[in-house]
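Visitor: For reference, the sequence and a predicted model appear below.
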Amino acid sequence: MNENLIGLTNAAEDTVTEANTALALRSGSLKVLATPALIRLIEVAASELLEKNLPPELTSVGILLDVKHTAPTPLGMNVRAEVRIVAIDGRKVIFDAVAFDEVDEVGRGTHERFIVDRLKFQAKADSKI
């Protein structure tokens, strides 16, 4: 992996709707942004950043998420997850992540992704069926 990628950033945004609440995703009983939806935003930001910087035969897969969801975000409010590449260890890429709604920080953590050959990885997965 190219060490020049360290420091690159990206963001992903979404609006809290009925579909991405804790109630809808069954991760809780309230109509607030679900933790799985927050984590999805972090993965979107990180995977899009790598896709833009990898050759077409390679892609990345998520291998670790360590995220604290620290504040609720209500229906109708926008949320933004920002990631920054902080380290590269062989094919493993490590991100710092932070998320904000329109009022304050709502989450923070780390995310790791692994660079894989697109076709080989898919073939390995498909061999299970």
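Guide: Done, it's in. Residues are numbered from 1 along each chain as shown.

Visitor: you'd agree residue 100 is up against residue 78?
Guide: No. Look at residue 100 against residue 78 with C-beta atoms under 8 Å: they stay out of range, at 9.1 Å. Quick note: C-beta positions are derived from backbone N, CA and C, even for glycine.

Visitor: In terms of neighbours, single out the busier of those two.
Guide: Each of residue 100 and residue 78 has its neighbours counted (other C-beta atoms under 10 Å); residue 100 has more, 19 against 12.

Visitor: element containing the more buried one?
Guide: Using DSSP states H and E, residue 100 maps to strand 92-101.

Visitor: by contact count, what packs against that strand?
Guide: Packing contacts for strand 92-101, counted by 3 or more C-beta pairs under 8 Å, 6 or more residues apart in numbering; DSSP states H and E, involve helix 35-51, strand 58-69, strand 78-89, strand 105-117.

Visitor: buried sites along the longest one?
Guide: This points to helix 35-51. By neighbour count on 16 or more other C-beta atoms under 10 Å, the buried set for helix 35-51 is 35, 37-47, 49-50.

Visitor: Identify the residues contacting residue 87.
Guide: 6, 93-94 (C-beta atoms under 8 Å, 6 or more residues apart in numbering).

Visitor: nope, residue 52 is what I was after
Guide: residue 10.

Visitor: Ramachandran angles for it?
Guide: Note on residue 52: backbone dihedrals following degrees, to the nearest 10 are phi -70, psi -20.

Visitor: and if you look at the one 3 residues further on?
Guide: Residue 55 has phi and psi values of phi -60, psi 160 when expressed as degrees, to the nearest 10.

Visitor: pLDDT weak spots in this structure?
Guide: 1 (pLDDT under 70).

Visitor: rewinding a little: and the strand holding residue 100, how far from the chain's centre?
Guide: 7 Å (C-alpha atoms, centre = their mean, to the nearest Å).
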